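Q: my questions are about this predicted structure, shown below with the sequence.
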Amino acid sequence: MSDNAQGSPRESGRTLTIINHQTGTTLEIPAVKTVQALLKKLGVPPETVLVIQDDTLLCDDDPLTSGSPVEVRPVISGGSPP
């Protein structure tokens, strides 16, 4: 039986490193394809965070790569003083 019959070990073992600045934790999860899928898996509403990978701010439908850590940062809103 070849390695391809059950998927290559490299494909089945892919993970994403998540640096969650909201909770101050770093974790590894099985790789997901998009920012939207990541936030759903983490249970985080998309409008409450920024997702950054390789110094690039990502949108909901942007793809994620398993080679670089993904930062999840809280959105902090403010305004100018009255």
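A: That came in fine, so what should we check first? Numbers count the residues shown, from 1 in each chain.
Q: when you work out contacts or count neighbours from here on, use the C-alpha atoms and nothing else.
A: Fine.
Q: just the pLDDT for H21.
A: pLDDT for H21: 94.
Q: whoops, I mixed them up, L57
A: pLDDT recorded at L57 is 97.
Q: from S68, how far out is D62?
A: Going from D62 to S68 by CA to CA, to the nearest Å gives 14 Å.
Q: first to last residue in stretch 19-36, what's the distance?
A: 16 Å.
Q: what bridges to the closest residue to P69 other than its chain neighbours?
A: Nearest non-adjacent residue to P69, counting by CA to CA, 6 or more residues apart in numbering: T17, 4.8 Å away. Under DSSP bridges, the beta-bridge partners of T17 are E28.
Q: T17 contacts L38, correct?
A: No. Between T17 and L38 there is no contact under CA atoms under 8 Å: 11.2 Å.
Q: those two: which is more packed in?
A: L38 (23 against 17; other CA atoms under 10 Å).
Q: chain center to the helix or strand hosting the more buried one: distance?
A: For L38, the enclosing helix or strand under DSSP states H and E is helix 35-42. Remark: helix 35-42 is offset 7 Å from the chain centroid, using CA atoms, centre = their mean, to the nearest Å.
Q: how many residues are close by the nearest residue to T25 once chain neighbours are set aside?
A: Here the nearest residue to T25 in space, its sequence neighbours aside, is I19; by CA to CA, 6+ apart that works out to 6.1 Å. Residues within reach of I19, counting by other CA under 10 Å, total 19.
Q: again, but for R73
A: What R73 shows, counting by other CA under 10 Å, is a neighbour count of 17.
Q: ok, the one 5 residues further on next?
A: A count of nearby residues for G78, using other CA under 10 Å, gives 6.
Q: perfect, I'm done here.
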